[in-house]
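Visitor: Need coordinates for the following:
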Amino acid sequence: MDDDDYWNTSETKAKAFSFDDDVLSTREILAIGQKSHPGQSVDSVFTTLNDARTELLPISSLVSPKVLDLMILAQSGRDPNNIKDSEQTLAITLKRIILGRSFSLHQYKSLRNKTELLDGTISIGDGNAILTVVLYLIQTLNKKLVYELLSARPLALNHYISFLQTEGKITELTDLLTMLGRSSEAAVFQFQHIVKTQGNSIDGLLRKVNNLLSNHFNQPGMDAHQNKMVADYIKLLEWQKCSSIPELYNASALSCLLHCVTHHWTEGAGNMMSPLTLCQRQQVTPLQYDWVVLNIHANTNKWDVVESLFTKKDWLGRTTVSSHIPIETLISRLSELKASVQIIATCLNKLTNTEDRLRLAQKYKVS
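Guide: Numbering: from 1, shown residues only. The predicted model follows:
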């Protein structure tokens with residue numbers, strides 16, 4: 001019985017998990033990220049990871065095993081009729097990983113063998129195989145050495161970075177990116193993770209983000225725009241804490257503006273909950289402000305407020321439109337919100353192009 005027949009009939013068959021080459025779904029990556037337990041072998045980890053994989057079209061349904069062998073060997077640039085036993089073994093291992101058959105990586109013990117195994121998966125370009133081997137290297141080699149191998153192999157590096165990010169392994173991801181001289185990216189990943197996982201604990205969130213700002217974003221060489229982004233976010237968290245409204249904790253600036261427009265519209269600038277104060281503090285753009293105000297007041301049928309905000313009288317007594325929203329977008333949204341024909345007509349008259357004005361008047365039935 002040759003090796004291939006043996007493995008096809010072995011009772012120890014275990015399928016490998018599978019990835020698409022370029023795009024990985026959240027479910028597929030999460031399925032891969034099962035943690036190993038003390039005493040659990042590398043092979044059993046790979047078997048466990050596969051249990052939650054989604055059904056994919058097997059490559060064996062597209063390419064025969066014999067043709068696949070030739071494809072794998074061709075990637076190495078060697079003559080299929082003149083290869084070493086070790087190369088034949090590598091080709092068989094790669095084929096088994098790709099086909100989802102049982103395989104063992106324990107025979108690849110030396111650094112040279114492991115490097116050849118990694119390069120073999122990269123030459124094929126199969127994301128499943130690449131990540132399988134990278135995780136094996138992480139478990140059997142010094143991490144710094146693995147990081148050095150990955151830094152010279154962008155495809156494998158990107159697969160591993162995506163895996164760490166999706167799994168929430170921020171410590172490992174930070175160590176990797178820092179070693180690669182990508183401290184700015186590492187800090188951004190930490191920031192995103194903190195915001196995503198901290199929940200509504202405003203005090204804990206403030207403390208962690210402040211520490212991140214001091215220890216990472218304020219360091220020399222960091223991106224100034226990112227530094228400002230985190231500093232502005234801290235201002236928003238401080239405003240949310242002062243508001244003492246739990247549903248606003250860790251909410252976006254526009255969500256907070258929506259609350260202020262709805263419940264504190266009459267408060268003047270200078271008061272903490274005033275929409276104008278929040279806009280100034282969080283640098284909300286005039287366009288964003290106008291859009292939120294339009295939708296909030298229109299949905300509550302406060303058309304007098306809408307009209308007073310978006311139409312003005314000039315010194316000759318003529319009514320004009322005053323809005324940072326593009327005029328055609330404004331007309332479309334007013335129609336969706338069931339604005340009066342009079343308001344829509346006022347906006348239409350602002351259009352300087354006669355053809356556009358006629359076209360939109362017909363569209364919105366304004367005579």
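Visitor: Tell me which residues touch residue 259, please.
Guide: Counting by CB atoms under 8 Å, 6 or more residues apart in numbering, residue 259 makes contact with 245, 248. For glycine as for every other residue, the C-beta is placed from the backbone atoms N, C-alpha and C.
Visitor: I'd like the distance between it and residue 246.
Guide: 12 Å (CB to CB, to the nearest Å).
Visitor: Would you list the phi and psi of residue 311?
Guide: phi -130, psi 140 (degrees, to the nearest 10).
Visitor: pLDDT wise, what is it at?
Guide: pLDDT, residue 311: 77.
Visitor: Make sure it is actually in contact with residue 346.
Guide: Yes. The criterion here is CB atoms under 8 Å, and residue 311 meets it with residue 346 at 5.5 Å.
Visitor: okay, the two: which has more neighbours?
Guide: Comparing residue 311 with residue 346 by neighbour count (other CB atoms under 10 Å), the higher total belongs to residue 346, at 20 against 17.
Visitor: so that one is in which element?
Guide: Here residue 346 is covered by helix 341-348, with elements defined by DSSP states H and E.
Visitor: I'd like the average pLDDT over that helix.
Guide: Per-residue scores along helix 341-348 average to 88.
Visitor: got the contact list for stretch 194-201?
Guide: Contacts of stretch 194-201 (CB under 8 Å, 6+ apart): 168, 204, 205, 208, 209, 212, 233, 246, 249, 250.
Visitor: quick one: contacts for the last one?
Guide: Pointing back at residue 250 there. Residue 250 touches 195, 198, 199, 200, 202, 205, 237, 240, counting by CB under 8 Å, 6+ apart.
Visitor: Now do the SS call for the first one.
Guide: Okay, so that is residue 195. At residue 195 the chain is in helix, as set by DSSP: H, G, I helix; E, B strand; the rest coil.
Visitor: Number of residues surrounding it?
Guide: Using other CB under 10 Å: residue 195 sits among 15 other residues.
Visitor: Retrieve the pLDDT associated with it.
Guide: 88.
Visitor: repeat for the last one
Guide: The predicted local confidence for residue 240 comes out at a pLDDT of 93.
Visitor: can you check the fourth one too?
Guide: In this model, residue 200 is scored at 74, pLDDT.
Visitor: How far does the helix ranked longest in the chain sit from its chain's centre?
Guide: Identified as the longest helix of the chain according to DSSP state H is helix 224-243. The chain centroid and the centroid of helix 224-243 are separated by 21 Å, computed with CA atoms, centre = their mean, to the nearest Å.
Visitor: give the contact list for the nearest residue in space to residue 137 that is not next to it in sequence.
Guide: The shortest distance from residue 137 to any non-neighbouring residue, by CB to CB, 6 or more residues apart in numbering, is to residue 146 (4.9 Å). Contacts here follow CB under 8 Å, 6+ apart; on that basis residue 146 touches 134, 137, 138.
Visitor: of those residues, closest to residue 359?
Guide: Residue 359 lies nearest to residue 134 out of the contacts of residue 146, by CB to CB, at 57.8 Å.
Visitor: Can you name the residues that contact that closest one?
Guide: 118, 146, 150, 156, 159, 160.
Visitor: ok, now residue 267?
Guide: Residues in contact with residue 267 (CB under 8 Å, 6+ apart) are 260, 273, 274, 275.
Visitor: just checking, it is part of a strand?
Guide: No. Counting by three-state DSSP, residue 267 falls outside a strand, being coil.
Visitor: What residues sit buried inside the helix or strand hosting residue 188?
Guide: With elements taken from DSSP H and E, the one containing residue 188 is helix 183-197. Buried residues in helix 183-197, counted by 16 or more other CB atoms under 10 Å: 183, 184, 185, 186, 187, 188, 189, 190, 191, 193, 194.
Visitor: Assess the claim that the first one and residue 176 are in contact.
Guide: No. Counting by CB under 8 Å, residue 183 stays clear of residue 176, with 11.3 Å between them.
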